[in-house]
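Chemist: Here is my input, please return the structure:
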Amino acid sequence: QVQLVESGGGLVQPGGSLRLSCAASGSTLNYYAIGWFRQAPGKEREGVSCISVSDGSSYYADSVKGRFTISRDNANHTVYLQMDSLKPEDTAVYYCAVAFGWYGSSWPSDRLYDYWGPGTQVTVSS
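Modeler: Numbering: from 1, shown residues only. This next block holds a predicted model:
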């Protein structure tokens, strides 16, 4: 079992920044990857970014490349998503999830993830 808790969401103006955190706990912490997903109202959940726990390899959705940065702190079982130059279209509930495999370029498929956090709201608005 893995419990995930996201934090750091909130209201920010366009062009602003937020840093999301995802803290993992539980009895089974030998996951291979952590992904960030988001879901906007009326839209399907989409992959934002993913990072390998072992070597830090990462992937990004084209829509966030160059603006978002994913990082990890293995000692504290925490993954971060630094979000800069935020746009109104980044508004969504952001979720983190863990996978017990490393799936490379297939990372955006949410079927590959085994445990999910409850999500944190990010609103980008003036």
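Chemist: The most centrally placed residue in the chain bridge partners, please.
Modeler: What sits nearest the mean C-alpha location of the chain, by C-alpha atoms, centre = their mean, is residue 36, with 1.9 Å. Here residue 36 sits in beta bridges with residue 49, residue 96, as judged by DSSP bridges.
Chemist: Over to residue 116?
Modeler: Residue 116 forms beta bridges with residue 97, as assigned by DSSP bridges.
Chemist: I'd guessed it sits against residue 99; true?
Modeler: No - counting by C-beta atoms under 8 Å, residue 116 stays clear of residue 99, with 10.7 Å between them. Placement of C-beta: from N, CA and C, glycine included.
Chemist: Compare neighbour counts for the two and give me the winner.
Modeler: Set residue 116 next to residue 99 and count neighbours by other C-beta atoms under 10 Å: residue 99 wins out with 22 against 17.
Chemist: ok, now which ones touch the more buried one?
Modeler: 31, 32, 33, 34, 35, 112, 113, 114 (C-beta atoms under 8 Å, 6 or more residues apart in numbering).
Chemist: ditto for residue 2
Modeler: Taking C-beta under 8 Å, 6+ apart, one finds 24, 25, 26, 28, 29, 31, 98, 114, 115 in contact with residue 2.
Chemist: Could you count how many residues lie near the residue nearest to the second one when sequence neighbours are not counted?
Modeler: Closest residue in space to residue 25, ignoring its immediate chain neighbours: residue 3 at 5.0 Å, by C-beta to C-beta, 6 or more residues apart in numbering. For residue 3, the neighbour count with other C-beta under 10 Å is 12.
Chemist: Same question for residue 123.
Modeler: Using other C-beta under 10 Å: residue 123 sits among 15 other residues.
Chemist: again with residue 49
Modeler: By other C-beta under 10 Å, 25 other residues sit near residue 49.
Chemist: Mind pulling up the pLDDT for it?
Modeler: Predicted confidence (pLDDT) for residue 49: 98.
Chemist: swap in residue 66?
Modeler: pLDDT, residue 66: 97.
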